[in-house]
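Structure for the following, please:
(one chain, ligands or ions: 1)
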Amino acid sequence: MAYKDQVDLLKIPKHVAIIMDGNGRWAKGRGKLRVFGHHSGVTSVRDVVEASVEIGMGYLTLYAFSAENWNRPRLEVTAIMELLINTMQKEISMFTKNNVRLNLIGNLEMLPPKYYDQWQTALEQTSGNNGLTLTLAISYGSRLELINAAKKIAGRVKTGDLKIDDIDETVVGESLYTAGIPDPELLIRTSGEYRISNFLLWQIAYAELYFSTKLWPDFRREDLFDAIIDYQKRERRFGMTSDQLN
Ligand code: FPP
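Presented below is the predicted three-dimensional model:
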């Protein structure tokens, strides 16, 4: 049986989020500069996007650059910024062929204007697609996202648009960068680190967590399928008992 056939296509998570980690270590292990690891990570991104399309996933969110990553050496920051936008521009035809819509979340005001404009163009070029939504988290930090949401909600209360008693999970969800995107059912982190690193803190409240020891540039579609097969074996109880679910 082909590996993909072990995935139950009737139980595909609608939304998978991935913390792509380990590029630097992958490069260092080969005596190369960290940037080499980021470049090699592009192959994994392409493979995982194509595999997600193949199994009919609705949403894939990749943690590409955190708000804290701005503190890395300037050369590395510039290299990642260039790599991200250049890769997306190169992949537009693959996105169109596969009906992939590109989306960005994060504190985009931090992006240098040159990149901001290029991203807007890339987003527009795929805006008509309605298959997989590929969201890249760039300059993203979950605490900042929550602070912004609190400000938005407070603003609505102040203008009388919203009553305090009407603030609920839906209102908070709609105030996040991820408004309109269902919460991820599965969160994968590569590189053997067991951390969430300020990623989608609200949205992963009930996500299943999967940690792979592979470094991101070694991660391939089979590893994504492994994670999904593992997810499909789990019982998601949402606070209920097993008996209640059955
Ligand atoms: C984390 O590894 C990775 C990043 C900060 C950059 C992610 C970028 C890519 C995978 C490039 C391609 C992505 C797209 C969407 C085209 P790290 O540098 O923290 O690795 P380390 O923990 O080993 O130092």
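
Do a quick rundown of the strands in the protein.
15-19, 59-66, 101-105, 133-140, 186-189, 208-211 (DSSP state E).

which residues touch the residue of the chain found nearest the ligand?
In the chain, the residue that lies nearest the ligand is G24 (2.6 Å; C-beta to the nearest ligand atom). Where you see a C-beta, it was placed from the backbone N, CA and C, and this is true even at glycine. When contacts are counted by C-beta atoms under 8 Å, 6 or more residues apart in numbering, G24 touches 34, 37.

And the one 4 residues further on, by the same measure?
Applying C-beta under 8 Å, 6+ apart to K28 gives the contacts 34, 37.

For I55, grab the count of nearby residues.
Residues within reach of I55, counting by other C-beta atoms under 10 Å, total 18.

and it, how far is that from R221?
9 Å (C-beta to C-beta, to the nearest Å).

Quick check: neighbours shared by these two?
K4.

any idea which residue of this structure is furthest from its center?
G160 (34.2 Å; C-alpha atoms, centre = their mean).

Now do that one, the pLDDT please.
On the pLDDT scale, G160 is placed at 98.

got the residues of the chain near the ligand?
20-25, 38, 41-42, 45, 62, 64-65, 69, 80, 83-84, 87, 136, 191, 216 (C-beta under 6 Å from any ligand atom).

who does the most centrally placed residue in the chain bridge with?
The centre of the chain sits closest to T61, judged by C-alpha atoms, centre = their mean, with a distance of 2.2 Å. Per DSSP bridges, the residues bridged to T61 are A17, T135.

what sits against it?
Applying C-beta under 8 Å, 6+ apart, the residues contacting T61 are 15-18, 105, 134-137, 178, 181, 184, 200.

From L245, how far off is it?
For T61, the distance to L245 - C-beta to C-beta - is 27 Å.

Likewise for H38?
42 Å.

Between these two, tell me which one has more neighbours.
Taking other C-beta under 10 Å, H38 and L245 do not tie; H38 has more neighbours (24 against 10).

What are the phi and psi values at N129?
phi -80, psi 150 (degrees, to the nearest 10).

Give me the nearest residue to it, chain neighbours excluded.
Distances taken as C-beta to C-beta, 6 or more residues apart in numbering place R101 nearest to N129, at 4.3 Å, with adjacent residues excluded.

Would you mind listing the buried residues in stretch 225-236?
225-228, 231-232 (16 or more other C-beta atoms under 10 Å).

ok, now stretch 166-186?
Buried-residue list, stretch 166-186, by 16+ other C-beta under 10 Å: 167, 173, 175-178, 181, 183-186.

Show only the entries of the buried residues of stretch 225-236 found in helices.
225-228, 231-232 (DSSP state H).
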